[in-house]
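Trainee: Build me a model:
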Amino acid sequence: MFDELKKLLKKNHIIFEINSSYKCFRLKNQYLKIVHYYSNKENKRSLESLLINKGFVKDWCLQFNHKKPHIFYLGTDEFQDKSGFLQALNKMADISIFYKEDGSYGQYSINQNPIESNKKRLFELFYELSKSSNLPDILLMQTWEWRIGVENLLELKKKYNKLKIINICMDDRHAFYHNGISKKGTFGLIPALDFVLNSTKEAVDWYMKEGVPALYFPEASSLDFYHPMNVKKKYDVGFVGAKYGIRAKIVRALIQDGVNVMAYGSGWDNGRLPIHETNRFFNECRIILGIGTIGHCEDFFALKLRDFDAPMSGSCYVTHNNSDLHELFDANKENVLCNNEKDFVRKIKYLLSHPKKLNSIAESGFNKASSVHTYEQRFVELYNVLHIPYENNNN
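Mentor: Got it, this is the predicted structure:
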């Protein structure tokens, strides 16, 4: 009954817009409160001292002179994790991966009693590894308190006292607190965390001030998965992602202006594109469209995997003018950044009518992504910070 009511309300344009505006206001207001709180909180310790406090000391690091770290990965999204991330991690470490009892990938989620289900399965998998004397050195996760339960992680650490727990936080501008509840977001994991990898630059400071060492760790891509292909261009613009809010508006505006757009993802007529077909699709598009907004907001941004996968594929990438991207790419030389719906249409139409400019941006974007923004380089940086030798990991 409730789901049917939600569907009806979404069809009412005015109610939908009001609801979207309210959700965006609430989200940004929550973020500003967090920023204000931490701007007034003192950071008394350096990264190195916090690492030592968490046990990343010389004796812990020396064990990796003769072996790769054994990393147990607790992932979330199969499409995301298997499109380069796990392939790169497998080069740098011996990995074990969390699979549900039925063999499907990723953690139990909303309708699956996630905290109890994930605890049960995680402890089962660690027990199986312990029987073969193959316990992980690091539990690497991308999760939130509402999915795993901080008490469960503390219990796991107590049972396997040499284990280090690292969380990858990709969405802290809106997920540090979960729906306004601090204990349910990534913030709620802090008592169990030994290290944080964060793609939200300002959030690194938040964890440091809570006593958890943290590293700015933007998303990246992989040449093993995304790379230029010699295929015919079929579409002017391609988009991969769920259909909602401003995404649908921008795609609709492009189509109405005569642009040949192909979109895949939940809500689009074509549905979701299989992982193994994504790179070919990107190569079949003259331009890859990125949407950098968070939720239903039109002026609140976060880094996206597409910011790296699209240029790595060798196609021209056009996305929102997210200030985070200015530090990672040379705007308008290695990608094209837009401020609003009209800007997207204007710039995309210009690029389509100036193929030399389009190809130059595509080539420059690929050169930057492939030389600077690979997962392998991100992991090397992590190993350097943790003083883990990585030369042996290529043997």
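Trainee: Give the closest residue to the residue positioned nearest the centre of the chain in space, chain neighbours not counted.
Mentor: A centroid search over the chain (C-alpha atoms, centre = their mean) returns residue 170, at 4.4 Å, as the residue closest to the centre. Using C-beta to C-beta, 6 or more residues apart in numbering and skipping residues adjacent in sequence, the residue nearest residue 170 is residue 199, 4.9 Å away. For the C-beta atoms, the positions are set from N, CA and C on the backbone; glycine is no exception.
Trainee: Thought residue 167 was touching the one you found, still the case?
Mentor: No - Residue 199 is not in contact with residue 167 according to C-beta atoms under 8 Å; the separation is 11.8 Å.
Trainee: mind listing the helices for the stretch 151-300 of the chain?
Mentor: 172-175, 201-209, 245-256, 278-283 (DSSP state H, counting those that start in this stretch).
Trainee: Just the buried residues of the second one, please?
Mentor: Going by neighbour count (16 or more other C-beta atoms under 10 Å), the buried part of helix 201-209 is 202-209.
Trainee: Please tabulate those residues in JSON lines and include pLDDT as additional columns.
Mentor: Shown next, in JSON lines, are the buried residues of helix 201-209 (pLDDT from 0 to 100):
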{"residue": "202", "pLDDT": "98"}
{"residue": "203", "pLDDT": "98"}
{"residue": "204", "pLDDT": "98"}
{"residue": "205", "pLDDT": "97"}
{"residue": "206", "pLDDT": "98"}
{"residue": "207", "pLDDT": "98"}
{"residue": "208", "pLDDT": "98"}
{"residue": "209", "pLDDT": "97"}
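Trainee: Among those residues, which one sits closest to residue 161?
Mentor: Closest approach to residue 161 among the buried residues of helix 201-209 (C-beta to C-beta): residue 207, at 22.4 Å.
Trainee: how about the residue lying closest to the closest one once chain neighbours are set aside, what does it touch?
Mentor: Nearest non-adjacent residue to residue 207, counting by C-beta to C-beta, 6+ apart: residue 214, 4.0 Å away. Counting by C-beta atoms under 8 Å, 6 or more residues apart in numbering, residue 214 touches 47, 195-198, 203-205, 207-208.
Trainee: Include distance to residue 25 when you put these into a markdown table, please.
Mentor: Formatted as a markdown table, the contacts of residue 214 follow (distance: C-beta to C-beta, whole Å):
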| residue | distance to residue 25 |
| --- | --- |
| 47 | 35 |
| 195 | 34 |
| 196 | 28 |
| 197 | 30 |
| 198 | 25 |
| 203 | 21 |
| 204 | 26 |
| 205 | 25 |
| 207 | 26 |
| 208 | 29 |
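Trainee: Out of these, which is nearest to residue 63?
Mentor: Distance to residue 63 across these (C-beta to C-beta) is lowest for residue 195, with 16.7 Å.
Trainee: wouldn't the closest one be in contact with residue 166 here?
Mentor: Yes - with contact defined as C-beta under 8 Å, residue 195 reaches residue 166; the gap is 4.5 Å.
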